[in-house]
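Q: My questions concern the predicted model and sequence given below.
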Amino acid sequence: MWEAIESNRRRSWILIVLMGALLLALGAVLGRLIHPRQGLVLGVCIASGVWLVLWLVAAFQGDRFMLTMGGAMKIERRDSPQLWNVVEEMTIASGSAKMPDVYVIDDERPNAFAIGRNPEKQSAVAVTSGLLRLLDRDELQGVIGHEMGHLKNRDSAFLVLAGVMLGAIVLLADVFLRGMFFGRRRSRGGGDGQAVVLILAIVLAILAPILAQMLYFACSRRREFLADASSARFTRYPAGLASALEKISSRYEGGKQETNRVLAPMYIVNPMSALAAVGLFSTHPPTGKRVQILRGMGGGSAYADYEAAYGKAFGQGSALLGKRTLAADTAAPARAAAPKAEAKQDAVARSKDVVQLLGRLENFLLMTCTCGLGIKVPPELKRDSIPCPRCGAANPVPRAEAGGSYRRAHPADWESFRCACGATVLLGPGSTEPEASCRACGGSVRIEPSA
């Protein structure tokens, strides 16, 4: 696989050079328009300065900015043991030195993305709550394997650099065109020569962002195939990712979905073009083609099996991985699917787990009525009792006693209660800690075993 990664890196650097040339050319023309004599150097300096500022922001705050923009919440092992274990498994299978941080996004649309400019030091995998509800363990493993493939192949580092370059080009072009539209430019002389420069600047300001996006998206599509191949290899179960892609794309039927335009290209399935045919402005290859390749691997999960299926899908002679990679590859028969519980019960259990997970992450007070209905109480609601929406029964809000103690009612499950300060205190399943700390006031509450 290293050969394909190196090939992709060379293509990426060619892309970066071309985008850099576009950026400098745009800056030079705009600078020449501002000042006919020293404008060339001035424009190049301005373009380089814009790129440097954006790159520094992306390099030091880019990952956190992306996660915050998506509303991602960091979790630990106890919050979602299955998701954590799957990420742990794929970290080992991929040979990565460090397990990425795990995040969950409260979004019913199923999707996932990975980010990390330096996976050996800091990286993250984020999945939506809709993905956790929709997919079984094999399918979830396929998606996480795909995202680990992106990290292993250093796709996130490329996306940051190329995205900053694209952003600088768009920013310069947008500032110039808006200035031309809303302002009046004073002529500094130059006659017909300056008029030619003006026309060239307008044409370049319009075409440069379009050409940069085409280059950026073309390279992104190839990276999705490589990540799919990595997932098939890591999981040894290509059908898991194929099934996941089918389920995810089916949730986006009906056309483009409203979503964050910055995050959209990073998702495993672009919400804005999940079912569209591939084109010059597609960030991802067609989902149907990706599924066709994965299901056409013929009972194997080696890179050679993926390459053969890729050749069938795109015609003989089409290559993705490279000869040396295939020659060094070893046979890897696909494993059998994991035993599944009854589908409907499994889906209900996943949905219940997700509701509880989001409640814990968002600091909701979790209660269970005597009729069995789970109730989430937002932290800002300060009532002493909560009526059940199903049976109407009044449920007293669990609170710490006056002496600073709380008696557990459901030690085998997640449980929460209100501290004397009014904040929510969470207790994990099976916890035997004698005290619990309140994050809001810093006080300790003595935990009594259940009666």
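A: On my side now, so go ahead. Residues are numbered from 1 along each chain as shown.

Q: Tell me where the model's unsure across the stretch 1-150 of the chain.
A: 1-12, 15-16, 33, 35-36, 38-39, 58-59, 62 (pLDDT under 70).

Q: can you pull out the helices in it?
A: With helices called from DSSP state H, counting those that start in this stretch, the stretch 1-150 of the chain shows them at 2-34, 39-69, 81-94, 129-134, 137-152.

Q: Residue 143 against residue 268, yeah?
A: Yes - shown here, residue 143 and residue 268 form a contact pair, counting by Cβ atoms under 8 Å, at 5.9 Å. Heads up, the C-betas are built off the backbone N, CA and C, glycines and all.

Q: Between the two, which contacts overlap?
A: Common neighbours of residue 143 and residue 268, using Cβ atoms under 8 Å, 6 or more residues apart in numbering, are residue 112.

Q: Show me which positions of stretch 365-384 end up buried.
A: 365-367, 369, 375-377 (16 or more other Cβ atoms under 10 Å).

Q: in the sheet, who's paired with residue 72?
A: Listed by DSSP bridges, the beta-bridge partners for residue 72 are residue 105.

Q: residues in contact with it?
A: Residue 72 makes contact with 103-105, 124, 126, according to Cβ under 8 Å, 6+ apart.

Q: Excluding its own residues, what touches stretch 329-344? List them.
A: 136-138, 233, 236-240, 297, 299-305, 346, 349.

Q: One more pass at 7 Å, please.
A: 136-138, 233, 236-238, 299-304, 346 (Cβ atoms under 7 Å, 6 or more residues apart in numbering).

Q: And stretch 399-415, by the same measure?
A: Residues contacting stretch 399-415 (Cβ under 7 Å, 6+ apart): 356, 360, 366, 417-420, 426-430, 445-451.

Q: Likewise for stretch 417-432?
A: So stretch 417-432 is contacted by 78, 360, 363, 365, 379, 382, 397-400, 406, 408, 411-416, 436, 438-441, 443, 445 (Cβ under 7 Å, 6+ apart).

Q: try 6 Å
A: Identification of contacts with stretch 417-432 by Cβ atoms under 6 Å, 6 or more residues apart in numbering yields 78, 360, 363, 365, 379, 397-400, 406, 412-416, 436, 438, 440-441.

Q: Take the buried residues of stretch 365-384 and write them to a markdown table, including pLDDT, secondary structure and distance to residue 26.
A: Putting the buried residues of stretch 365-384 into a markdown table (pLDDT from 0 to 100; DSSP: H, G, I helix; E, B strand; the rest coil; distance: Cβ to Cβ, whole Å) gives the following:
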| residue | pLDDT | secondary structure | distance to residue 26 |
| --- | --- | --- | --- |
| 365 | 88 | strand | 55 |
| 366 | 83 | strand | 55 |
| 367 | 84 | strand | 59 |
| 369 | 88 | coil | 63 |
| 375 | 86 | strand | 57 |
| 376 | 84 | strand | 51 |
| 377 | 89 | strand | 55 |
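
Q: measure the closest residue to residue 285 other than its chain neighbours to residue 318 for me?
A: Once flanking residues are discounted, residue 285 sits nearest to residue 221: 4.9 Å by Cβ to Cβ, 6 or more residues apart in numbering. Distance of residue 221 to residue 318, computed by Cβ to Cβ, to the nearest Å: 13 Å.

Q: Give me the more crowded residue out of these two.
A: Under the neighbour definition other Cβ atoms under 10 Å, residue 221 and residue 318 were set side by side, and residue 221 has more, 14 against 11.

Q: Could you say which helix or strand holds the more buried one?
A: Element membership for residue 221, per DSSP states H and E: helix 191-235.

Q: which stretches of the stretch 301-450 of the chain form helices?
A: 303-314, 323-328, 343-361.

Q: Point out the one among the ones you listed that comes closest to residue 48.
A: helix 323-328 (37.0 Å; Cβ to Cβ).

Q: mind exporting the closest one as PDB, just the C-alpha atoms?
A: Extracted in PDB, the C-alpha atoms of helix 323-328 (Å, rounded to 0.1, in the frame of the first residue of the first chain):
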ATOM      1  CA  LYS A 323       2.500  -3.400  -9.100                       C
ATOM      2  CA  ARG A 324       5.000  -3.400  -6.200                       C
ATOM      3  CA  THR A 325       2.300  -3.100  -3.600                       C
ATOM      4  CA  LEU A 326       0.400  -6.000  -5.100                       C
ATOM      5  CA  ALA A 327       3.500  -8.100  -5.400                       C
ATOM      6  CA  ALA A 328       4.300  -7.600  -1.700                       C
END
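
Q: For it, which helices and strands make contact with it?
A: helix 2-34 (3 or more Cβ pairs under 6 Å, 6 or more residues apart in numbering; DSSP states H and E).

Q: how is this protein carved up into domains?
A: 1-362, 363-448 (automatic domain parsing).

Q: Can you say which of the helices of the stretch 1-150 of the chain is packed in most?
A: Most buried of the helices of the stretch 1-150 of the chain by mean neighbour count (mean count of other Cβ atoms under 10 Å) is helix 137-152; its value is a mean of 26.

Q: got CSV for the helices of the stretch 1-150 of the chain, with distance to residue 119 too?
A: What follows is these, written out as CSV (distance: least, Cβ to Cβ, whole Å):
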stretch, distance to residue 119
helix 2-34, 13
helix 39-69, 11
helix 81-94, 9
helix 129-134, 21
helix 137-152, 4
